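need a structure here:
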Amino acid sequence: MENKPLNLIISNFVTENGAKYPSLDLSYQVFGAPLHTAPIILINHALTGNSQVIGETGWWNDLVGIEKTIDVRKYTIVAFDVPGNGFNSPIIEEYHDFIARDIARIFVEGLRYLKIDHLFALIGGSVGGGIAWEILALEPKLADNFIPIATDWKSTDWLIANCFLQEQILNNSKKPIEDARIHAMLCYRTPESFKEKFNRHTTEKLETFQVESWLNYHGEKLGKRFQLSAYKMMNQLLKTIDITRNCESLESVISKVDANIYIVGINSDLFFTAKENKETYMEIKKFKNNVFYSEIDSQHGHDAFLMEYEQLDNLLEVVFKNKKQMKIVKFGGKSLANGEGINNVLDIVVNKIQNEEKIAIVVSARGNATDELDDILTIAAKNGNYKPLLDSFKAYQIDGYEGVDFTAEFEKLDKLFEGVSLIGDFSAKIQDQILAQGELLSAKLLVFLLNQKGIPAVLADTRNLIVTDSNFGDAQPLDAVSKKNVIQIFKENKDSVLVITGFIASNAKNDTTTLGRNGSNYTASLIANYINAEELQNYTHVDGIYTANPEMVLDAKKIEHLSYNEANEMANFGANILHAKTIIPLLEKNIPLRILNTFNDENQGTLITANSAKEGIKTLSVLEDVALVNLEGRGLLGKTGVDARIFRVMGDNDISVSIISQGSSERGIGLVVNSNEATKAMIELEKEFENDFYSKDVNKISVTDNVSVISIIGQDLSTFHKPYTALIRNNIVPILFNNTVTGKNVSLVVQKTELKKALNVIHGEIFGVAKKINIAIFGHGLVGGTLINQILESADAIEKRKGVKLNIFAIANSKSVLLNNNGISPNWKSEIQSNGAIYAIEDIIAYAKENHLANLIAVDNTASGSFVENYITLAENGFDLISSNKVANTLGYDFYKELRATLEKNQKSYLYETNVGAGLPLIDTIKLLHLSGENITKIKGVFSGTLSYLFNHFSAKDVPFSEILKEAIDNGFTEPDPREDLCGNDVGRKLLILARELDLQNEFSEVQIQNLIPEHLREGSAADFLTKLKEFDPIYDKIKSEQQPNHVLRYIGELSGDLQYDKGNLEVKLVSVPMDTALGGLKGSDSFFEIYTESYGDRPIVIQGAGAGSAVTARGVFGDILRVSDKG
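So this is what the prediction gives:
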C-alpha cells in the first residue's frame, strides 16, 4: 500500500523558546479508511523514521495493514513527519529552536487542519512516543487510548547524556551521520543481543569482526538516506521530552486525561528502561485507574519494539481487535468442597463459558485437604496409626466421583507416608511433595467434571510452569522463566479452559516446592501478572472484605471498593482473606482483584483496584497470636542506634517484628512479635543488651503475652482521638499504638481479653453504623417500667434520626434480673417473671464483659438506699450512671466526693436531672451557670409536684385540707404512704442536691425542714394514718385563715446565704405569698424554681413546668440517656 505524502502549512508558529516561523511545512500521510469514515489512529514515527508507516518501505508493516492488529480496513491511520526530518519537508538548520513540545503543538495544529478533534488511539515509539506524551499533555481529552512504546514522559539524565554525545559526534565528526549511528546502535541493542547475533565471529577474510562490519553497514546505510540536519533535529527532540516542563506535577497533567493509558516497556531497553516505565506506571496509578503496564521480553534492547512484533501484536490486540482479555478465576478450598461447594463452582464456570468469557481457573486443595494431609504427616512421623485418617481422606476425595482416576496421587501418598512412618521424621521437601497432592487431586477432579459438561478443560500442573528457589515450604518464584512457561501453555491451549494447580511449583531440579501461606492465591496473582489478565476473581466462602471481621463485629459492613495500598495494609495487619505477596503481582500490572462468594451468586463482592472509590477509614484488621516484648531503661534516653540493634537481632534470628513503638524519651520500647517467637526474642535481646544491663542503661526486658493488634486502615491521626476516646470511655486502655509513615493507618495493641469489645467500640465510633448503647435498668416500677416502654417504642426512630441504637440488655429488680445481650423484647414483664434469675451486681458486670458490650449505662430507677452502694463498682467497670434515685446525691459528703472521684478517674458520667425537677432542665442550667463563673446568690422554689398540687388546690378551693389530700392519694399523686411527701424530706434532699452542684459541702442533717405532719401522726402504720386525715383540717384551716388578703400557701425550698463559701443555708418551709406573684400564680402540680444570680440581680431565672408523674420523670431519664449517648 503506497501513499503519496501530503503537505499543509502551519502559519506564524512561535516555538517554546521564542523562535518565530512564519511558515512551517508539515507533511503527512493517511492510510486505510478515508478520513472521518472510521476510527482514527495517530502514529508517531521514531528518530530515523517517517510517515511511511506501511507500504514497500513501511517501518511497521508487521502491525499495520490488512488483517493485521491495526487493520487498515477498520481504521484510518494518520502519520505526520517531524518538520525538518528530511523525508518530505524542507530542512531546518536551527534545531535548537525546537523541543519535543513544539512538535506536539505542530501535530495538534495538523490535526485541526484535518478537522480531527478525536482519536481512537495515539501511538508512538521512542522519540515518537515522547512527542505523543506531549500531545496528551496538551490535549488531555483528544484520545480514547494512548499507547507509548519504549518511551517515557521525560528524558532521563542517562538519555540526555547520550544525546549530548550524539550531538558532539554530529557536530565534530568527519562522518557525522555514520559515526553517530554506530554509537547509537550500541544503545539501541544490548550486549546479549550482540553476542547472540555475532558471537565474536569474523568476516570471511578475517579482516574484521562481523559486529564491526555490521555497524559500518548501518552507519553507511543511514548516511545515504538521512540528512545531518534531520539527525540533529531528532536528537534535540529526544533529549527535551518533559510534559511537566511548565512546573506542573505529573499528577496535575495526567489527572486531566480521560484516555486509557497502555504503557509498553522493554525489559532490556537502555534508553527508556523498564524500571523507569514501571515507576511512571506506579506513579500514575496512584490517581488514575485506567493505566496499564505490559512489557516486551527481549534481549534486543530499545529496538525490540521494531523487532518483537509477535509480542507487541499480543499486547495491542486488546485495544485494536477488541479482544477479550483472559480472566483468572480462583476457587478456594471451601468452594471446592463436596456438595454445594463443587456444584456451585461448576455452575459458575458453565455460566462464564456460556457468556463467552475467557477464563483460566486456579484451584486450591478441596475442603480441608491441606490441613488433613499435614495432620496425617504429623501422626506418621510419630509412628502413629495414620492409615484410618488417610483412608478417610481418600474416601472424601472420591466420594461420588469414582470415575476419576486418582491412582497416581494416592499411590504417591501411600509411599511417602510409609517412608515417613519408617524414618520417624520428615523434611520440608517431603512435606511439600505430600501437600502438593491436595491441589493435584482438586485440579484433576475439576477437569473431569468440566469435560463431562462438554467444556474442554486441560490440567495445568504448575510444577511444570512456575520455577522457584529451593526454599521448601515458602519458595520464591523465578519470574522470567516462569512467565515464559505460563505464556507458552496459554498459547498451546487457546481453545481449552486451563485448570491450574495453585500453591505448588518446582525448583530447577524439578523437586516439588510450595509457595507458603496463601500460596494458591499467590499462584493466581502470578498467573494473572504473567498473562496480563483483565481481572483476577477470587471465589471464597464470604461476600467480600468487611469493615471488620463479621464473626467479631455483628455490625460489620461489606466494603464495595478498596485500593491496592489499602488491601496491602490490610494484608500486612492480619486480614485473613488477603496476603501482601498476593497483592504485589497485581499491583505491578494494575490488574483488578475481585473477592466473590461461591455461595451467593447475587453478591457483587469487593473490588480492589489502583485507586479507592473514596478516601477515609476502610476497615479494621486484627493480628492475633502475638506478644509484646518490652525494653525498659532510663539509660536509653538520647542513645542512638537502639532501634538498629533491635532490628539487627530480630533479623539475625528470623524473628518478624510487626510493630515497634517508643516514647519520645526512649525510656521504653515495645515491639510486637509472633507469640511463638516472643521468648526467643527476649533471650536474644538480653544477650545483645547484656552490657547495657551492667551499666544500668537497660533495666528490664519482658514479654507481655495474650495481646492482639487492631489496625485501623485509612485512619488519619487528625481524627484518631475519636476512636481512642471511645476506647478510654469504655475502660479499654491500649498498651501502645503507632502509625505508619504515611499517617493513614494506626495500630493499637490491646489485651486479648479486650479484643472483641475494643473492635466493636472502634467500629461503632468510626463507621457509618449506629452507635450501640447497652443499657441496664434497675427498677421497673412506675418510672422504670414507663422508661423501658418509652425506649422500646422510640428506639427505631432514634436510630434513624441520631444514629444511636439503644439496647436494653438487662432489667433488674431487687430480686431477679432478665438478661439478653441482643436486647429485651416488649414482653419483658412476663419474661422477667418466668426467666428472671437471682443475681448480684457482679453477675451483670460479668455478663457485659463476656458479651463484649460497649457503651454501658446503668439506670437506677429504684428508691433504694442500698442500691447506690453499687455505683462505684459500676463506674469502675465501665458503666456511665443515670439515676432518678436521689439517695446517692444526698448521702454523706465523703461518699459524694468518693463517687465523683471514681467517675473522674474512669471517665464516666453521672446524670440525675430528674432528681430535682423531674423532666425540667434545672440541674443542667445550674451546672452551666456555676461552671461559667456566674455567682448564684439564691435558689427558691416549689420542689415537690405532690405538695404543689396540695397547696395550689387548697389555696384555691374552700374545702378542707384532708379532702384535697385524699383526692391526691386516690389519684396516685402521692407515695403509697403520703407521709413520705408530707414530711418534707424529699424536698430537703432535692435542695441539698442543688447546693452540692454549687460545690457546697452541706449535709442532709443541716437542712431545716418544716414537717407538715402533726407530731402525733408521724408514727404508726400507713393504713392507720389514712384513717386520721381529718386531723389535718383544724391546723391548716387556721394557717390558711391567718394569711393576709390575696395570699396563697406554697411549700418551698430555699438555698440562701453567702454561697461562695463551703456551706449555705438550706430551709424547707410552708410560706404565704401574694397571689399576683409568679410563685403565687402556680397551678396544678407544677414545679417552680427561681435562680437568683449576681448578674441578673433581683430578676431571677425562672424554670416552671410539670414536676411530677411517672411519664414526665421517665422522659427526663430518657433525656439523660441520650445525653450520655452523645458523649465523645
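
any idea where the helices of the stretch 51-200 of the chain begin and end?
Using DSSP state H, counting those that start in this stretch, the helices of the stretch 51-200 of the chain run over residues 100-113, 127-138, 157-172, 176-188, 191-198.

Does the last one pack against any helices or strands, and if so which?
Where contact means 3 or more Cβ pairs under 8 Å, 6 or more residues apart in numbering; DSSP states H and E, helix 191-198 is packed against helix 210-225. For glycine as for every other residue, the C-beta is placed from the backbone atoms N, C-alpha and C.

if we can go back for a sec, need the winner for burial among the helices of the stretch 51-200 of the chain.
The highest mean neighbour count among the helices of the stretch 51-200 of the chain, using mean count of other Cβ atoms under 10 Å, belongs to helix 127-138: a mean of 27.

could you show me where the helices are in the stretch 401-550 of the chain, in order?
With helices called from DSSP H, counting those that start in this stretch, the stretch 401-550 of the chain shows them at 407-423, 428-452, 479-492, 519-531.

tilt between the shortest one and helix 479-492?
For the pair helix 519-531 and helix 479-492, the angle between their directions (axes from the mean of the first three to the mean of the last three Cα atoms, to 10 degrees) equals 80 degrees.

let's have the chain start at 29 instead
Done: numbering now begins at 29, and the last item shifts to helix 547-559.

what helices or strands is helix 547-559 leaning on?
Using 3+ Cβ pairs under 8 Å, 6+ apart, the elements in contact with helix 547-559 are strand 355-359, strand 387-391, helix 507-520, strand 525-529, strand 532-534, strand 563-568, helix 608-617.

Could I have the CA atoms of that helix written out in CSV?
Coordinates of each C-alpha in helix 547-559 appear next as CSV, following Å, rounded to 0.1, in the frame of the first residue of the first chain:
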residue,chain,number,x,y,z
GLY,A,547,0.0,-20.0,48.2
SER,A,548,-2.9,-20.7,45.9
ASN,A,549,-3.9,-17.0,45.8
TYR,A,550,-0.3,-16.2,45.1
THR,A,551,-0.3,-18.6,42.2
ALA,A,552,-3.4,-16.9,40.8
SER,A,553,-1.8,-13.5,41.1
LEU,A,554,1.4,-14.6,39.4
ILE,A,555,-0.6,-16.2,36.5
ALA,A,556,-2.6,-13.0,36.1
ASN,A,557,0.5,-10.9,36.1
TYR,A,558,2.3,-13.1,33.6
ILE,A,559,-0.5,-13.1,31.0
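
pLDDT on it, on average?
In this model, helix 547-559 has a mean pLDDT of 95.

That helix: how far from the chain's middle?
Relative to its chain's centre, helix 547-559 lies at 24 Å (Cα atoms, centre = their mean, to the nearest Å).

do the same with the third one
Relative to the centre of its chain, helix 507-520 is centred 35 Å away, using Cα atoms, centre = their mean.

you'd agree Leu63 is up against Ile105?
No - using Cβ atoms under 8 Å, Leu63 is not in contact with Ile105; the gap is 10.3 Å.

Any idea how many residues pack against Gly412?
Neighbour count for Gly412, taken as other Cβ atoms under 10 Å: 12.

mind listing the strands for the stretch 729-878 of the chain?
764-767, 773-779, 799-806, 832-840, 844-847, 865-866 (DSSP state E, counting those that start in this stretch).

among these, which is nearest Ile289?
strand 773-779 (28.7 Å; Cβ to Cβ).

For that closest one, name the packing helices and strands.
So strand 773-779, by 3+ Cβ pairs under 8 Å, 6+ apart, packs with strand 728-741, strand 764-767.

Pick out the shakiest of the ones you listed, pLDDT-wise.
Ranked by mean pLDDT, the helices and strands packed on strand 773-779 bottom out at strand 764-767, with a mean of 80.

Provide the strand pairings for that one, with the direction of each partner.
Strand 764-767 pairs in its sheet with strand 773-779 (antiparallel), by DSSP bridges.

The partner strand vs strand 728-741, what angle?
Comparing the axes of strand 773-779 and strand 728-741 via the same axes, to 10 degrees yields an angle of 130 degrees.

what mean pLDDT does strand 773-779 have?
86.

which residues are in contact with it?
For strand 773-779, the surrounding residues in contact (Cβ atoms under 8 Å, 6 or more residues apart in numbering) are 597, 601, 656, 687, 698, 700, 734-743, 745, 748, 755, 760, 762-768, 786.

Just the buried subset of the residues you listed, written out for ChimeraX, thanks.
Buried residues within the contacts of strand 773-779, by 16 or more other Cβ atoms under 10 Å, are selected in ChimeraX with:
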select :597,601,656,687,698,700,735,736,737,738,739,740,741,742,743,748,755,760,762,763,764,765,767,786
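
any idea which helix or strand of this protein has the worst average confidence?
Lowest on mean pLDDT, DSSP states H and E among the helices and strands of the chain sits helix 592-600, with a mean of 71.

for the stretch 929-1078 of the chain, what spans make up the strands?
Under DSSP E, counting those that start in this stretch, the stretch 929-1078 of the chain gives strands at 938-939, 964-970, 1036-1037, 1075-1084.

And the ones you listed: which comes nearest Asn618?
Asn618 lies closest to strand 938-939 among those, at 54.5 Å (Cβ to Cβ).
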